[in-house]
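Student: let me see the structure of the following:
(one chain, ligands or ions: 1)
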Amino acid sequence: MTRELESLTKKILVCEECHLKLGRTQVVPGIYGPQKSICIVGEAPGYYEDQQGFPFVGKSGELLDNMLKGIGLTREKNVSILNVIKCRPTTENGQNRTPTDSELRFCGERWLEMQLSLLSPKLIVTLGGIALKFFIPSGKVTQLAGQLVKFDELNHIFVTYHPAYILRKKTLEMMEEYNSHFEQILSLYQSETLEQDFNQVTERDEQASKKTNQKSLKDFL
Ligand code: SF4
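Tutor: Numbering: from 1, shown residues only. Presented below is the predicted three-dimensional model:
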């Protein structure tokens with residue numbers, strides 16, 4: 001971790017700038033991989049993340065790790081895993097809840113944008129509709145999943161589903177589609193020029209994913 005990232009993380013860990021501090025056990029800043037690699041971005045910590053202080057733990061984290069393993073990558077070694085919001089949004093009864101747009105913007109603009117600017121990722125991957133909304137407010141994951149989308153003059157995100165959604169659906173079709181997205185992520189990461197290579201990558205990975213799907217399908221269906 002660079003000194004700048006370390007100092008930013010120290011600030012995130014003690015942040016009390018919004019009301020979400022009231023429902024948290026601890027702040028979950030994220031896990032950093034190397035600069036100029038892949039940043040995976042989810043929405044916010046849930047119960048287990050809040051308890052343990054790490055993003056994507058529990059069943060969703062297990063599926064995410066398995067998908068990364070399937071393409072030869074691991075968190076920290078190759079990939080950063082972050083959330084837009086760093087503190088768990090809760091209901092009055094202490095249950096997980098979906099963050100509001102203003103919570104998303106407030107925390108994301110304060111911390112995630114700085115993390116991304118220090119990590120300079122080659123590829124940002126959003127998991128699920130809420131993370132997508134931070135980058136593209138009108139974006140719908142059902143329409144953009146599996147696509148590389150420009151969100152400003154220079155930067156792209158690759159859009160895919162949240163692992164919790166895949167676990168809820170638990171269909172062979174969804175797992176195949178999810179596998180093909182991760183194959184695309186790997187190819188994009190390895191490509192020289194994201195945009196130019198995207199069409200070729202999509203076509204090639206549709207073929208490749210059919211061969212590699214079987215193991216992870218057995219694990220999760
Ligand atoms: S959600 Fe973000 S802005 Fe709000 S207290 Fe937590 S770290 Fe700070």
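
Student: roughly how far apart are P29 and the ligand?
Tutor: Distance from P29 to the ligand, counting by Cβ to the nearest ligand atom, to the nearest Å: 8 Å. Every C-beta, even on glycine, is put in place using the N, C-alpha and C of the backbone.

Student: up against the ligand, what does the chain have?
Tutor: Near the ligand, the residues belonging to the chain are 12, 15-18, 20-21, 27, 85-87, 106-107, 110-111 when assessed by Cβ under 6 Å from any ligand atom.

Student: out of these, which end up buried?
Tutor: 12, 15, 20, 27, 85-87, 106-107, 110-111 (16 or more other Cβ atoms under 10 Å).

Student: low-confidence bits of the protein, can you list those?
Tutor: Applying pLDDT under 70 to the chain picks out residues 192-221.

Student: how about the helices in it?
Tutor: Secondary structure of the chain (DSSP state H): helices at 3-13, 47-52, 58-70, 101-107, 113-119, 129-135, 141-144, 163-169, 172-190, 194-220.

Student: deepest of those helices, which one?
Tutor: Stretch with highest mean neighbour count among the helices of the chain: helix 129-135 (a mean of 23; mean count of other Cβ atoms under 10 Å).

Student: and that one, what other elements does it pack with?
Tutor: On a contact count with 3 or more Cβ pairs under 8 Å, 6 or more residues apart in numbering; DSSP states H and E, helix 129-135 meets strand 38-42, helix 101-107, strand 123-127, helix 141-144, strand 156-160.

Student: contacts for that helix, please.
Tutor: Residues from elsewhere that reach helix 129-135 (Cβ atoms under 8 Å, 6 or more residues apart in numbering): 41-44, 83-84, 98-99, 101, 104-105, 108, 112, 124, 126, 139-141, 144, 151, 157, 159, 162.

Student: so how far is that helix off the chain centroid?
Tutor: 10 Å (Cα atoms, centre = their mean, to the nearest Å).

Student: for it, output the C-alpha coordinates as PDB.
Tutor: Taking Å, rounded to 0.1, in the frame of the first residue of the first chain, the C-alpha atoms of helix 129-135 are listed here in PDB:
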ATOM      1  CA  GLY A 129     -27.300  -2.000  -9.400                       C
ATOM      2  CA  ILE A 130     -26.400   0.300  -6.500                       C
ATOM      3  CA  ALA A 131     -22.700   0.400  -7.300                       C
ATOM      4  CA  LEU A 132     -23.600   1.000 -10.900                       C
ATOM      5  CA  LYS A 133     -25.900   3.900 -10.000                       C
ATOM      6  CA  PHE A 134     -22.900   5.700  -8.300                       C
ATOM      7  CA  PHE A 135     -21.100   5.900 -11.700                       C
END
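
Student: what pairs with the residue nearest the centre of the chain across the strands?
Tutor: The centroid of the chain falls nearest to V41 when counting by Cα atoms, centre = their mean (2.7 Å). Following DSSP bridges, V41 is listed with bridge partners L82, T126.

Student: list the contacts of it.
Tutor: V41 is in contact with 82-84, 112, 124-127, 131, 134, 157, counting by Cβ under 8 Å, 6+ apart.

Student: equivalent analysis for T74, please.
Tutor: Counting by Cβ under 8 Å, 6+ apart, T74 touches 65, 68.

Student: the same query, at a cut-off of 7 Å, please.
Tutor: Residues near T74 by Cβ atoms under 7 Å, 6 or more residues apart in numbering: L68.
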